[in-house]
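Colleague: Okay, here's the prediction I keep looking at, along with the sequence it came from:
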Amino acid sequence: MLRKSPILFLLAFYVVAATLTIAFFNGTGDGGDSVMHYIFAFEAPSHPELYFHHWAKPVFVLLASPFAQFGFVGIKVFNAIVVLLTIWFSWRTAELLKLKNTIVVAIILVFTPLYYILTFSGLTEPLFALFVSLMLFFTLRKNIVVAALIVSFLPLVRSEGLIVLGVYGLYLLWEKKWKAMPVLLVGHIVYSFAGWFVYRDLLWVFTQIPYAHLSSPYGSGGLLHFVNKMFYVVGLPIYLLFIVGMFTIFWQFLRKKSTSEVFILVFLGFLAFFVAHTLFFYLGIFHSMGLMRVLLSVMPFIAIAAIIGFNLLEHIKLLWLRKSIQIAMVVLIVVFPFTKNPAAIRWEKDMKLSNNQKAATLIAKTVLEIQSDTNAYLFSDPYTCLLLQVDYFDTDKHQMLEAASFQELESGDFLIWEHLFANFESGISAEYLANFPGLEKLQEVKDEKSGKVLFLLYRKF
C-alpha cells in the first residue's frame with residue numbers, strides 16, 4: 001500500500017482538480033470538433049445510424065453517448081474519467097517496465113498543459129490515449145491477445161489507429177506471436193457487420209473514411225511544423241525530457257539494452273505517428289489541418305519516453321545533487337502550466353466560453369424569446385445547436401447554412417450567420433446576406449474589442 005500511496009494521492013488530486021474545473025469553467029475545448037463530437041454522442045440514441053458514423057468515431061460515440069445524455073458536462077466527466085484511467089495504466093506500464101521514479105509518468109500526464117485543457121472537451125484524443133495505455137499495459141502483462149483486441153478497435157476511435165495497428169503488427173511479428181495476428185482484424189470485422197445495416201456495405205469501415213483523399217482544403221505546412229508545435233502541447237520541461245528519452249531509447253536499442261516493447265511500441269509507435277502526421281500536413285493530404293492536439297493521442301508514449309530521459313539523472317553519483325536536480329525538474333513540470341508562457345494554460349481563454357460562443361448565447365436568447373414550434377433554423381455553428389436545443393440531424397428543423405438551403409426557408413424561419421463556419425466553411429459572407437431578398441435583420445453581435453461582426457440573426461419575411 002505504501003508503494004501505491006504516491007499514485008493514489010496524485011489520482012485523488014486529479015479528481016478534485018477535474019471536479020473543480022468542470023464546476024467553475026464552462027468552456028468546451030474548442031467550438032468546432034469538440035462540440036460536434038458531443039452532438040453525435042448525444043443524438044445517437046435518437047439516430048442509431050450515428051453509432052456507425054466514421055467522422056464521429058464509432059467507438060467514441062458508443063462509449064461517450066451515455067455520458068452525453070447529461071449535457072456537455074457529461075462529456076467532460078467522460079473524458080476526465082478516461083484521462084484518470086490513462087494516468088493509472090501508464091503508471092502501471094512504467095512499473096511493469098521496472099523503471100525508476102514511476103510517479104513522474106503520472107505527474108507528466110496530470111500537468112501536460114494542452115492535455116489538461118482538452119480533457120474538458122468532446123474531443124476523441126483522450127480516448128485514443130487510453131487505448132494506447134491499455135495496449136502497453138496488457139502487452140507487458142503478457143496478455144497479448146487482449147492487447148491486440150484493444151488495438152483492433154483503435155481505428156474506430158481515431159483514424160490514426162491504423163498507424164498504431166501497423167506498429168503493433170510489427171511487434172507481433174518481431175515477437176513471433178503469430179496466433180495473435182488475426183485478432184488485429186476483430187475491430188474492423190465486428191463493425192463491418194454491425195454497420196452493414198446502415199450502409200449495406202461490408203467495406204464501409206474503409207470506404208466511409210472521411211480523410212481518404214490525397215488533398216486537403218486546409219493547405220500544407222513545413223516539415224518542422226509538429227516539431228515546433230509539440231512545445232505548445234507538453235511545455236518546455238516535458239519536451240526536453242522527451243527528446244532526451246527518445247535518444248536514450250535509440251541508444252539502448254543500438255547497444256541491445258532496450259526491450260522490444262519500449263523500442264517498437266513506444267519509440268517506433270510515437271515516431272510512426274509523428275512522421276505520418278508531419279507528412280500528411282507537409283504534403284497537404286488526408287484533410288490534415290496540422291492540429292497540434294493530435295499529439296495528445298499518444299501521450300502515454302510521450303510520458304514513458306520522458307521518464308526514461310528523467311531517469312538519466314540517476315547516473316549522477318552525488319546523492320544530494322541528484323535529488324536536488326530531480327526535485328527541481330518535477331517542480332518545473334508542475335509549475336509550468338501556471339506560468340505566463342504561450343504554452344501554459346490560459347484559464348480565461350482556454351477554459352471558458354470563447355467570444356464566439358458568448359455571441360451565440362446572445363443570439364440564442366433572442367431566438368428563444370420569439371420562436372414558435374413551427375420555426376426551422378438555418379445555421380452552421382455547432383454551439384448554437386446546443387443553445388437552441390435543436391436536433392442537429394432533424395432536417396425539418398435544422399439545415400446547414402449553405403446557399404442551396406436558402407430556398408428551403410419559409411416565413412418565420414431563422415437564419416443565423418457567424419464569421420467562422422458560415423464564412424469560411426460554407427462561403428456565405430455577411431455582404432451576401434445583406435443583399436439577399438426576403439430576410440429581416442433582427443440582431444447583430446460584434447466583438448467588443450475589435451468591432452468585428454461575430455453573429456447575425458435574420459428571419460424570413
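Modeller: Noted; the coordinates are in hand.

Colleague: ok, now how distant is the spatially most central residue of the chain from Leu62?
Modeller: Nearest to the mean C-alpha position of the chain, counting by C-alpha atoms, centre = their mean, stands Glu125 at 2.9 Å. The gap separating Glu125 from Leu62 is 17 Å, by C-beta to C-beta, to the nearest Å. To be clear about C-beta, it is placed using only N, CA and C from the backbone, and glycine gets the same treatment.

Colleague: re earlier: can you name the residues that contact the residue nearest to the centre of the chain?
Modeller: By C-beta atoms under 8 Å, 6 or more residues apart in numbering, the contact list for Glu125 reads Leu118, Arg158, Arg293, Val294, Leu296, Ser297.

Colleague: for it, phi and psi?
Modeller: As for Glu125, its main-chain torsions (degrees, to the nearest 10) stand at phi -60, psi -40.

Colleague: Got the confidence number for it?
Modeller: Glu125 is assigned a predicted lDDT (pLDDT) of 97.

Colleague: about what we covered before: what is the nearest of the contacts of Glu125 to Pro437?
Modeller: Using C-beta to C-beta, Arg293 comes nearest to Pro437 of those, at 42.1 Å.

Colleague: Do you have the strands of the stretch 351-461 of the chain handy? List them.
Modeller: 377-378, 398-399, 414-418, 439-446, 453-460 (DSSP state E, counting those that start in this stretch).

Colleague: Give me the below-cutoff pLDDT ranges for the protein.
Modeller: Where the chain drops to pLDDT under 70, the residues are 1-3, 213.

Colleague: Name the residue most distant from the centre of it?
Modeller: Leu318 (42.2 Å).

Colleague: Would you quantify the distance from that one to Phe421?
Modeller: Leu318 is 59 Å from Phe421, by C-beta to C-beta.

Colleague: Point out the most buried one among the strands of the stretch 351-461 of the chain.
Modeller: With neighbours taken as mean count of other C-beta atoms under 10 Å, these reach their highest mean count in strand 414-418, at a mean of 25.

Colleague: What strands line up against that one, and which way round?
Modeller: Strand pairing for strand 414-418, using DSSP bridges, gives strand 377-378 (parallel), strand 453-460 (antiparallel).

Colleague: which secondary structure elements does the helix or strand harbouring Arg322 contact?
Modeller: Element membership of Arg322 [criterion: DSSP states H and E] is helix 319-335. The contact analysis (3 or more C-beta pairs under 8 Å, 6 or more residues apart in numbering; DSSP states H and E) places helix 319-335 against helix 103-110, helix 236-254.

Colleague: thinking again about what came up before, what are the neighbouring residues in contact with the nearest residue to the residue nearest to the centre of the chain once chain neighbours are set aside?
Modeller: Counting by C-beta to C-beta, 6 or more residues apart in numbering, Glu125 lies nearest to Leu296, which is 4.2 Å off, once chain neighbours are set aside. Contact analysis of Leu296 by C-beta under 8 Å, 6+ apart lists Thr112, Leu114, Tyr115, Leu118, Glu125, Pro126, Ala129, Val233.

Colleague: ok, the third one to Asp350 distance?
Modeller: Translated: Tyr115. Counting by C-beta to C-beta, the gap from Tyr115 to Asp350 is 12 Å.

Colleague: With neighbour numbers in mind, choose between these two.
Modeller: Tyr115 (26 against 19; other C-beta atoms under 10 Å).

Colleague: Pull the residues that contact the stretch of helix or strand Ile117 belongs to.
Modeller: Secondary structure from DSSP H and E places Ile117 in helix 113-119. Residues from elsewhere that reach helix 113-119, judged by C-beta under 8 Å, 6+ apart: 18, 29-30, 34, 76, 79-80, 82-83, 109-110, 125-126, 232-235, 292-293, 296, 299, 336-337, 343-345, 350-351.

Colleague: I would like a PyMOL command selecting only the buried ones among those, please.
Modeller: Typed into PyMOL, the line below selects the buried ones among the contacts of helix 113-119, using 16 or more other C-beta atoms under 10 Å:
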select buried, resi 18+29+30+34+76+79+80+82+83+109+110+125+126+232+233+234+235+292+293+296+299+336+337+343+344+345+350+351
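
Colleague: Next, the contact list for the residue nearest to Phe52 when sequence neighbours are not counted, please.
Modeller: Leaving aside its chain neighbours, Phe52 sits nearest to Gly195 (4.0 Å; criterion: C-beta to C-beta, 6+ apart). Gly195 is in contact with Phe52, Pro58, Trp204, Val205, counting by C-beta under 8 Å, 6+ apart.

Colleague: I figured the last one hits Tyr191, correct?
Modeller: Yes. With the criterion set as C-beta atoms under 8 Å, Val205 and Tyr191 qualify as a contacting pair; they are 5.4 Å apart.

Colleague: quick one, domains of this protein?
Modeller: The chain breaks down by automatic domain parsing into domains covering 5-350, 355-460.

Colleague: winner for burial among those domains?
Modeller: The stretch of the domains of the chain with the highest mean neighbour count (mean count of other C-beta under 10 Å) is domain 5-350, at a mean of 19.

Colleague: TSV for the contacts of Gly195, including distance to Tyr458 and secondary structure?
Modeller: Output for the contacts of Gly195, formatted as TSV (distance: C-beta to C-beta, whole Å; DSSP: H, G, I helix; E, B strand; the rest coil):
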residue	distance to Tyr458	secondary structure
Phe52	35	helix
Pro58	37	helix
Trp204	38	helix
Val205	41	helix
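
Colleague: Which two among the residues you listed are spaced furthest apart?
Modeller: Comparing every pair within the contacts of Gly195 by C-beta to C-beta identifies Pro58 and Trp204 as the most remote, at 10.3 Å.

Colleague: what is in contact with these two at once?
Modeller: Common neighbours of Pro58 and Trp204, using C-beta under 8 Å, 6+ apart, are Phe52, Gly195.
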